[in-house]
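Student: Predicted model, plus sequence, below.
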Amino acid sequence: MNIAQIMEKMMVFSEGSIRDINHFIRVWTYARTIGCLEGLDPDTQFILEAAAITHDIACPLCRRKYGSTEARFQEAEGEVMVKVFLKDAGLSFEQIDRIAFLVGHHHTLTAVDGPDFQILVEADYITNASEKNYEAARNREFMARHMKTSAGKRIAAAVLPLEDGKAGSLEGKAGSSGKEGGAFGSIEIRRISITDLDTDAVVNAANDGLRPGGGVCGAIFRAAGYEKLDEACKRIGHCATGSAVITPGFDMKAKYIIHAVGPVWKGGKNGEPGLLYGAYYRSLELAEENGCASIGFPLISAGIYSYPLKGAWTQAIKACSDYLEQHGGSRLKIIFAVLDDENIKVGREMLNELKAAKQGR
């Protein structure tokens, strides 16, 4: 099996996720370019390119099994999966073993072993940084600590922002949503039940055990089909406060349910704002990782978790606007589903206040 055939097989394996396909094509492109410029021998170049194509092979499984594509899940599952994927590819045992090692360690930045490993790490970072608009300081730190190849450094300097306030020369300027009104033009507060939204994903205000509850949580469980959703949540088992996991939408209009765990309000001195912000931000990442064009949120933590209304709206809107600004190519439509009059009034006031504050920067 040659590189083009591995590429085609991986496209089919990606279950129609254009985001996943575009990502591994970009990683492969950077890896191939750096490898050629560095003069790798043909066998090492082949192993590098095959690993670049298959490096995220575990992502679809991890979304279903863990509700997350965190590095630790990818590496644990990917090393085994790629061996099965390539078993009939006509490659030698040594080639498959090396490709599997790279797939199983591509997020591990310690003890990088060999030029193929080094270049895969560099290509994956360049791709992630350009897709997610990493800040210049983060790019400079990575280049100083982890970029080793001359070609990788040159390409990173051409593609990524390295000076504060400036975009990379090939990626365009970060921070623009491409729509009138900027990031805020993609955020809407609507008087509607979240179970009636016709978005690609809806967010459940979940507890960390992902157990059925009351309020929004109970309504979503009923709309999705209690037993089916409960079983899917039990398979995942747990979600940390400030994060989120994903399940199918089952009987809901939405294709996916994202379970976001907000903090219980304890006076604001226990990291509640950051945790609430993180729950929204991770939900948006999961939505786009799964190809969603729209997402519906409740106001997380503002019910029985007692988060003050104005503060809850501040973190919600800030997380969403920051995400859209930092992902300049995002076309994600964000809808807050709210029924209470006071809740809607405060939310729209906060949306206007934050919009004015950002425009005045």
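Tutor: Received it, and whenever you're ready, just let me know what you need. Residues are numbered from 1 along each chain as shown.
Student: Just the mean pLDDT for the helix or strand hosting residue 234, thanks.
Tutor: Using DSSP states H and E, the element containing residue 234 is helix 226-236. Here helix 226-236 scores 95 as its mean pLDDT.
Student: next one: stretch 63-79
Tutor: pLDDT averaged over stretch 63-79 gives 81.
Student: For that stretch, list every residue counted as buried.
Tutor: 63, 66-69, 73-75, 77-79 (16 or more other Cβ atoms under 10 Å). (Glycine included, C-beta is placed from N, CA and C.)
Student: Run me through the strand neighbours of whatever helix or strand comes next after the helix holding residue 234, direction for each.
Tutor: Per DSSP H and E, the first helix or strand lying C-terminal to helix 226-236 is strand 244-248. Strand 244-248 has its sheet partners listed here by DSSP bridges as strand 256-261 (antiparallel).
Student: Just the buried residues of whichever helix or strand comes after the partner strand, please?
Tutor: For strand 256-261, the succeeding helix or strand toward the C-terminus, using DSSP H and E, is helix 272-289. Neighbour counts using 16+ other Cβ under 10 Å place 272-273, 275-289 of helix 272-289 among the buried residues.
Student: Can you show me the CA trace of stretch 237-253 as CSV?
Tutor: Only the C-alpha atoms of stretch 237-253 are listed here, as CSV (Å, rounded to 0.1, in the frame of the first residue of the first chain):
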residue,chain,number,x,y,z
GLY,A,237,-18.8,7.7,33.6
HIS,A,238,-17.4,11.1,34.7
CYS,A,239,-16.6,14.6,33.5
ALA,A,240,-14.5,17.1,35.4
THR,A,241,-16.0,20.4,36.5
GLY,A,242,-15.1,23.0,33.9
SER,A,243,-15.0,20.5,31.0
ALA,A,244,-17.5,18.7,28.7
VAL,A,245,-18.0,15.4,27.0
ILE,A,246,-20.2,14.4,24.0
THR,A,247,-22.8,11.8,23.3
PRO,A,248,-25.2,11.2,20.4
GLY,A,249,-28.5,13.1,20.5
PHE,A,250,-30.6,10.0,20.1
ASP,A,251,-34.3,11.1,19.9
MET,A,252,-33.6,14.8,20.0
LYS,A,253,-33.5,17.1,16.9
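Student: Look up how far residue 304 lies from residue 271.
Tutor: Distance of residue 271 to residue 304, given as Cβ to Cβ, to the nearest Å: 19 Å.
Student: And residue 151, by the same measure?
Tutor: For residue 151, the distance to residue 304 - Cβ to Cβ - is 55 Å.
Student: Those two: which is more packed in?
Tutor: More crowded of residue 151 and residue 304, by other Cβ atoms under 10 Å: residue 151, with 17 against 13.
Student: Contact partners for residue 256?
Tutor: Counting by Cβ atoms under 8 Å, 6 or more residues apart in numbering, residue 256 makes contact with 200-202, 246-249, 286-287, 290, 292.
Student: Please check those residues and keep the buried ones.
Tutor: 200-202, 246-249, 286-287, 290, 292.
Student: Identify the bridge partners of the nearest residue to residue 67 once chain neighbours are set aside.
Tutor: Counting by Cβ to Cβ, 6 or more residues apart in numbering, residue 67 lies nearest to residue 245, which is 2.7 Å off, once chain neighbours are set aside. Beta bridges link residue 245 to residue 259, judged by DSSP bridges.
Student: so how far is residue 102 from residue 245?
Tutor: 27 Å.
Student: ok, now residue 132?
Tutor: Relative to residue 102, and taking Cβ to Cβ, residue 132 is found at 22 Å.
Student: And residue 24, by the same measure?
Tutor: 13 Å.
Student: And these two? Which one has more around it.
Tutor: Between residue 24 and residue 102, counted using other Cβ under 10 Å, residue 102 has the larger neighbour count: 26 against 23.
Student: is it true that that one touches residue 118?
Tutor: No. Residue 102 is not in contact with residue 118 according to Cβ atoms under 8 Å; the separation is 10.4 Å.
Student: Let me see the ranges of the strands in the chain.
Tutor: Taking DSSP state E as the criterion, the chain contains strands spanning 187-191, 201-206, 244-248, 256-261, 294-297, 333-338.
Student: Would you mind finding the longest helix in this protein?
Tutor: If you go by DSSP state H, the chain has its longest helix at helix 18-38.
Student: which outside residues touch that one?
Tutor: Against helix 18-38 from outside (Cβ under 8 Å, 6+ apart): 7, 10-11, 14, 44-45, 48-49, 51-56, 59-60, 115-116, 119-120, 122-124, 126-127, 130-131, 149-152, 155, 288-291.
Student: Just the buried subset of those, please.
Tutor: 7, 10-11, 14, 44-45, 48-49, 51-56, 59-60, 115-116, 119-120, 122-124, 126-127, 130-131, 149, 151-152, 155, 288-291.
Student: Find residues that contact each of residue 24 and residue 102.
Tutor: Shared contacts of residue 24 and residue 102, counting by Cβ under 8 Å, 6+ apart, come down to residue 55.
Student: Residue 247 reaches residue 67, doesn't it?
Tutor: Yes. Assessed by Cβ under 8 Å, residue 247 is found in contact with residue 67 at 6.3 Å.
Student: which residues are in contact with both of those two?
Tutor: With Cβ under 8 Å, 6+ apart as the test, residue 247 and residue 67 both reach 236, 259.
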